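Visitor: Requesting a structural model of the entry that follows:
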Amino acid sequence: MKKGDWILIACVAVVAALFAIPQTHCAEGFNWATAHHPYIMAFFKFAILATLGEMLALRIREGVYNKKGFGVLPRMIVWGFLGIAIAMAMVIFKSGVPVFLSSLGFGDLPTIQATFAAPELTWGKVGIAFAVSVLMNSIFAPVMMTFHKCTDIHITDNGGTVAGLFRPMKMREIISQKVNWDVQWNLVIKKTIPLFWFPAHTITFILPQNLQVLFAALLGVALGLILALAGGAKK
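Guide: Residues are numbered from 1 along each chain as shown. Next up, the predicted model:
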């Protein structure tokens, strides 16, 4: 293990300890902030955790957490705004899918909503959560993932700088010439969405409200590791 690995482990241990010790009130503050400022919190959750997932993926592939042109800060900015979009999508699909299920004849809307919101775990709640996950990841996720891939390429093409991030994106060139569609379609969209995101976000929508966006951000860390391993690691 390298020095950076030990630093990361130490940071994770300190944060975990702060949340585990009641006297620090970190957990209470986190829950309050999530309830009162959900989209600001979504920005920071994804900016930190999803970027960490990309850094871990780079560590697995190339043996380092950062390199010239990688652009940690620009990636954090992009992930922060994607986190806001994901939090918005979660609200929209959690509200809209029960209406859709009711229109298909799966029950009256108040009953479906009550089942989905109930604290106890039932097969009905799991089924609704699965439906929300499937529809959100089938409709919203492919567009979001492709846009995120374009921003990654844009950041790299501009030297990984914050100033470069805000230069106009050459979207036509990126989409037509620089996106590896074999990987983007056959792995990222075609495989990770049904095999990883469908079940993973089913769990997300079963969790308490204040933990859902945090868990979704943590899934970004896990997916980064999965994609890194699928792409091959540096020996």
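
Visitor: hey, let's count contacts and neighbours off CA atoms from now on
Guide: OK.

Visitor: can you pull out the helices in this protein?
Guide: For the chain, the helices defined by DSSP state H cover 3-20, 26-36, 38-62, 72-103, 109-117, 123-139, 141-157, 162-165, 171-173, 181-183, 192, 198-206, 209-231.

Visitor: and the first one, how far out from the chain's middle?
Guide: Between the centre of helix 3-20 and the centre of its host chain there is 21 Å, according to CA atoms, centre = their mean, to the nearest Å.

Visitor: Over to the fourth one?
Guide: Distance of helix 72-103 from the chain centroid (CA atoms, centre = their mean) equals 9 Å.

Visitor: Ok, the third one next?
Guide: Chain-centre distance of helix 38-62: 8 Å, with CA atoms, centre = their mean.

Visitor: can you give me the angle the helix or strand of the chain with the lowest mean pLDDT makes with helix 26-36?
Guide: Within the chain, no helix or strand scores below helix 3-20, which has a mean of 72 by mean pLDDT, DSSP states H and E. Helix 3-20 runs at 80 degrees relative to helix 26-36, counting by axes from the mean of the first three to the mean of the last three CA atoms, to 10 degrees.

Visitor: Can you name the residues in contact with helix 3-20?
Guide: Contact with helix 3-20 is made by 24, 25, 26, 27, 65, as judged by CA atoms under 8 Å, 6 or more residues apart in numbering.

Visitor: Next, count neighbours for the third one.
Guide: When neighbours are counted by other CA atoms under 10 Å, residue 26 registers 17.

Visitor: What of the second one?
Guide: Counted with other CA under 10 Å, the burial measure for residue 25 works out to 12 neighbours.

Visitor: For it, give its distance to residue 135.
Guide: With distances taken as CA to CA, to the nearest Å, residue 25 is found 37 Å from residue 135.

Visitor: try the last one
Guide: Here residue 65 is placed at a distance of 34 Å from residue 135 (CA to CA).

Visitor: which of those two has more neighbours?
Guide: Legend: neighbour count by other CA under 10 Å for residue 65 and residue 135, higher for residue 65 (18 against 14).

Visitor: Can you check the pLDDT for that one?
Guide: Residue 65 carries a pLDDT value of 89.

Visitor: Identify the residues contacting it.
Guide: Contact analysis of residue 65 by CA under 8 Å, 6+ apart lists 4, 55, 56, 58, 59.

Visitor: Show me the two of the residues you listed that sit farthest apart.
Guide: 4 and 58 (12.7 Å; CA to CA).

Visitor: neighbour count winner among these two?
Guide: Neighbour comparison, residue 4 and residue 58: the larger count goes to residue 58, with 21 against 12 (by other CA under 10 Å).

Visitor: hang on, the earlier thing: so which of the contacts of residue 65 is the closest to residue 81?
Guide: Looking across the contacts of residue 65 and measuring by CA to CA, the closest to residue 81 is residue 55, at 18.2 Å.

Visitor: ok, for the closest one, nearest residue in space, not its chain neighbours?
Guide: Distance criterion CA to CA, 6 or more residues apart in numbering; nearest residue to residue 55, sequence neighbours excluded, is residue 65 at 5.0 Å.

Visitor: Having no further points to raise, I will conclude here.
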